[in-house]
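Engineer: attaching a predicted model along with its sequence, questions to come.
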Amino acid sequence: MALFERITKDNFVQYDGPKFPVYDHWYNLIVDSWNGVADGTLAITIASIDESVEGEGTAIRYIATDEAATQTLDAGDSGKTFWIDGSTAASTFTLPAPAAGLNFRWIWTADNNNAIIIQTADTTDTDGDMLRGGLLVCSAAAVNTFQEASGDENTITVDDNAADKAGGIGSWIEVICTEDPIWFVRGILNSTTDADSTGTHITDAD
């Protein structure tokens, strides 16, 4: 059974003559695509990852839906987006060995009061993998503050009800490897439960 209904002349309420074929064509292409890859829970499954070929556009990337178990990532996971909702358990994501271009993204679709940890593979003091960049932290009282990832930092911990962390709905973090051993961090964190969070405990130094 199809999850989404195609537009027809009979069910398109605002039918206005000559524009209808355009609306019909593009909308129905989207409907057909979704009906082809989605099951009854709207979980998207992509059977394979196509490699990009130089000069032929961008690679198709796998979108990980509701995937947030504690895990060690590898280069094959590059391009994944991890959806964090209110029921996601405390989880640790360990990045792979750094290689330029590897990238990962986390998106919070609901407030989450469990620790979501993103850490580098090598946390050796001084000469291990490093996090650089920073995160904009927004809360009701602190409005917005910038938490810089610098020095010998290799761990990000996001937990919406912990003091000076964050993890409310709409938060997102992207980690991109620029060169060995540097991972560049960027994103915006919404602090909902801790209304006066400044984000000072999101990044930890080793």
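Structural biologist: Received, thanks.

Engineer: where does the protein have low pLDDT?
Structural biologist: Of all residues in the chain, those with pLDDT under 70 make up the ranges 1-68, 195-196, 204-206.

Engineer: how about 50 then?
Structural biologist: 15, 22, 38-39, 44-63, 65, 205-206 (pLDDT under 50).

Engineer: would you state the strands of it in chain order?
Structural biologist: Listed in chain order, the strands of the chain (DSSP state E) span 71-72, 81-84, 91-94, 103-108, 116-119, 130-139, 143-149, 153-158, 172-179, 182-191, 203-205.

Engineer: go through those strands and name the closest to Lys165.
Structural biologist: Closest approach to Lys165 among those (C-beta to C-beta): strand 153-158, 6.0 Å. All C-beta atoms are positioned from the backbone trio N, CA, C, and that covers glycine.

Engineer: note down every partner strand of the closest one and its orientation.
Structural biologist: Based on DSSP bridges, the pairing partners of strand 153-158 within the sheet are strand 116-119 (antiparallel), strand 203-205 (antiparallel).

Engineer: hang on, the earlier thing: can you redo the strands of the chain as JSON lines with mean neighbour count?
Structural biologist: Output for these, formatted as JSON lines (neighbours: other C-beta atoms under 10 Å):
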{"stretch": "strand 71-72", "mean neighbour count": "12"}
{"stretch": "strand 81-84", "mean neighbour count": "21"}
{"stretch": "strand 91-94", "mean neighbour count": "18"}
{"stretch": "strand 103-108", "mean neighbour count": "20"}
{"stretch": "strand 116-119", "mean neighbour count": "21"}
{"stretch": "strand 130-139", "mean neighbour count": "20"}
{"stretch": "strand 143-149", "mean neighbour count": "15"}
{"stretch": "strand 153-158", "mean neighbour count": "22"}
{"stretch": "strand 172-179", "mean neighbour count": "18"}
{"stretch": "strand 182-191", "mean neighbour count": "20"}
{"stretch": "strand 203-205", "mean neighbour count": "16"}
